[in-house]
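In: Here is my input, please return the structure:
(one chain, ligands or ions: 1)
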Amino acid sequence: MVNDFVDCISRRHANEPEFLQAVLEVSESLIPFIEKNPLYKKHKVLECMTEPERVIIFRVPWLNDLGELEINRGYRVQMNSAIGPFKGGLRFHPSVNLSILKFLAFEQVLKNSLTTLPMGGAKGGSDFDPKGKSDREVMRFCQSFMTELCKYIGPNTDVPAGDIGVGGREIGYLFGQYKRIKNEFTGVLTGKGYEFGGSLIRPEATGYGLVYFVDEMLTVHKDVLKGKAVTISGSGNVAQYAVEKCIESGATVLTLSDSDGFIYDPAGIDSRKLNYVFELKNVRRGRIKEYAKQFGCEYFPKEKPWGIPCDIALPCATQNEIAVEDAYNLVNNGCMLVAEGANMPSTPEAVEVFQERGLLYAPGKAANAGGVAVSGLEMSQNSMRYSWTKEKVNLKLKSIMQNIHQACVKYGTEENGYINYQKGANIAGFVKVADAMIAQGTV
Ligand code: NDP
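Out: A predicted model of the protein is given here:
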């Protein structure tokens, strides 16, 4: 089965490298499992899961501040709705294409299943670049994007959220336009402002959840976060709240980055410096190099932070940001744990290095599932027209991350005792979706 599947999928998606990478990574752990469970083989569940239920591609025309017409391309990949309405973020970044969105949607199916909440998987976005655009331009783009997207989504059909380039500002504009067109106030998006149905802790959820997951990984080894040196990439939503939780746990965060380079602060990023980052990135929308100037530390243009010695690395920027040489740098400098805040930040060769060298390695679909988990909780609160307290949502988030960790241990512990989190997350995520697909006769 392995060769047939790999041949077929490689041929069908030869021009979609990121999607192919995600599918091949997952199938490596799933195919041996499927061979032992012939029902899944008979129903060709994996073959079916790698074909989206629906892909929507559309034109997004909008007016810039000079009154000129600009055209972008919009997408929604509705991958799998076996266990709930489609659910997954929107990404606005010039690199967005079908391959990247299909990889993200495929990963999302397994991730959402791992949370144990009733959510199918999807992903969408546009090649629009919010960087350098005025608020008005972003608003006009979001309105045009939603004018088309609203035909295909709804609180019981498909509930998008944020991702790279889509934060609270964008979700607000998108929600406003949906409401105008449909004349409905519903939970059609998550990550909304608190004033209009957003859940408390949603902005924090991915970063906090990542650190809760790391805590669980360390606990198995009778270790703690306190006193650990942590390198983090990115300086957006996930990175910011990962830093906040690391500080709270007594770890020292040494780095942050953006697509222009990284800062190295040997004294550690404390709460005061983090507040500066919040303001720099979320209000002024500036570059991370300004941090180096502000606090007198080093800035490395066009470089990634993986050469800085650390105990723990948390990649929180984008896919394939840890190449094989970065992985060697990390392990040779004494890194003991890598947990992915971003989706697929480590190349397959890098993952191989981590696993061969016995590192604790957690893939994004497990470690960053906290964001979508709290999105799921936002959907529940919207359905009830009720808001839970911060404490309640945080407790639920923590318990979901603990359960995901347990599921990984259950399906991923190898004979020598090594916990293969990648294998565990893939199998645990797959089983629920596969059983639902078979039961519904969708395969
Ligand atoms: P943001 O847009 O808030 O931040 C993204 C950060 O990554 C920015 O610092 C950005 O720098 C940097 N970055 C983006 N693209 C690149 C690139 N090609 N090379 C180097 N740096 C880059 O996004 P999020 O924090 O929300 O998302 C980060 C990652 O986490 C993504 O992989 C996303 O899919 C994943 N994720 C996000 C969740 C969420 O709830 N937001 C949930 C689960 C996963 P710059 O500003 O220069 O572009």
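
In: tell me which element Pro61 falls in.
Out: Using DSSP states H and E, Pro61 maps to strand 54-63.

In: does the ligand sit close to the helix or strand just after that strand?
Out: Under the assignment DSSP H and E, the closest C-terminal helix or strand after strand 54-63 is strand 69-80. No: for strand 69-80, no contact with the ligand is found by Cβ under 6 Å from any ligand atom; the gap never falls below 13.7 Å. In this view, the C-beta of every residue, glycine as well, is placed from N, C-alpha and C.

In: Can you give me the neighbour number for the residue in the chain that the ligand sits nearest to?
Out: Relative to the ligand, the nearest point of the chain is Gly236 (1.8 Å; Cβ to the nearest ligand atom). Gly236: 23 surrounding residues under other Cβ atoms under 10 Å.

In: Contact partners for it?
Out: 164, 167, 258, 281, 316-317 (Cβ atoms under 8 Å, 6 or more residues apart in numbering).

In: same thing with Phe19?
Out: Counted by Cβ under 8 Å, 6+ apart, Phe19 has contacts 13, 98-100, 102-103, 106.

In: now Glu244
Out: 204, 207-208, 271, 274.

In: Put together JSON lines for those, with secondary structure on each row.
Out: Formatted as JSON lines, the contacts of Glu244 follow (DSSP: H, G, I helix; E, B strand; the rest coil):
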{"residue": "Glu204", "secondary structure": "helix"}
{"residue": "Gly207", "secondary structure": "helix"}
{"residue": "Tyr208", "secondary structure": "helix"}
{"residue": "Ser271", "secondary structure": "helix"}
{"residue": "Leu274", "secondary structure": "helix"}
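
In: Quick one: name the residues of this protein near the ligand.
Out: Looking at the ligand, the residues of the chain close enough under Cβ under 6 Å from any ligand atom are 162-165, 167, 206, 234-239, 258-260, 316-318, 341-343, 368, 371.

In: what comes into contact with the lengthiest helix in the chain?
Out: Criterion DSSP state H: the longest helix present in the chain is helix 390-412. Residues from elsewhere that reach helix 390-412 (Cβ under 8 Å, 6+ apart): 114-117, 199-201, 205, 208-209, 212-213, 216-217, 220, 362, 366, 369-370, 373-374, 377, 388, 419-425, 427-428.

In: For the nearest residue to Thr186 once chain neighbours are set aside, which residues are in contact?
Out: Closest residue to Thr186 apart from its sequence neighbours, by Cβ to Cβ, 6 or more residues apart in numbering: Pro155 at 4.4 Å. When contacts are counted by Cβ under 8 Å, 6+ apart, Pro155 touches 85, 186-188, 379, 382-383.

In: mind listing what Gly424 touches?
Out: 366, 407-413.

In: Can you classify Phe262 by secondary structure?
Out: Recorded secondary structure, Phe262: strand (three-state DSSP).

In: May I have the phi/psi pair for the closest residue to it other than its chain neighbours?
Out: Distances taken as Cβ to Cβ, 6+ apart place Pro305 nearest to Phe262, at 4.4 Å, with adjacent residues excluded. Torsion angles at Pro305 (phi, psi; degrees, to the nearest 10) stand at phi -80, psi 10.

In: Quickly note the distance from Pro305 to Thr190.
Out: 30 Å (Cβ to Cβ, to the nearest Å).

In: go on, Arg287?
Out: Here the criterion is Cβ to Cβ. By it, Arg287 lies 29 Å from Thr190.

In: again, but for Met379
Out: 6 Å.

In: Could you tell me how many residues sit around the residue lying closest to Ser259 once chain neighbours are set aside?
Out: Excluding the flanking residues, the one nearest Ser259 by Cβ to Cβ, 6+ apart is Ala317, at 7.7 Å. Ala317 has 24 neighbours, counted by other Cβ under 10 Å.
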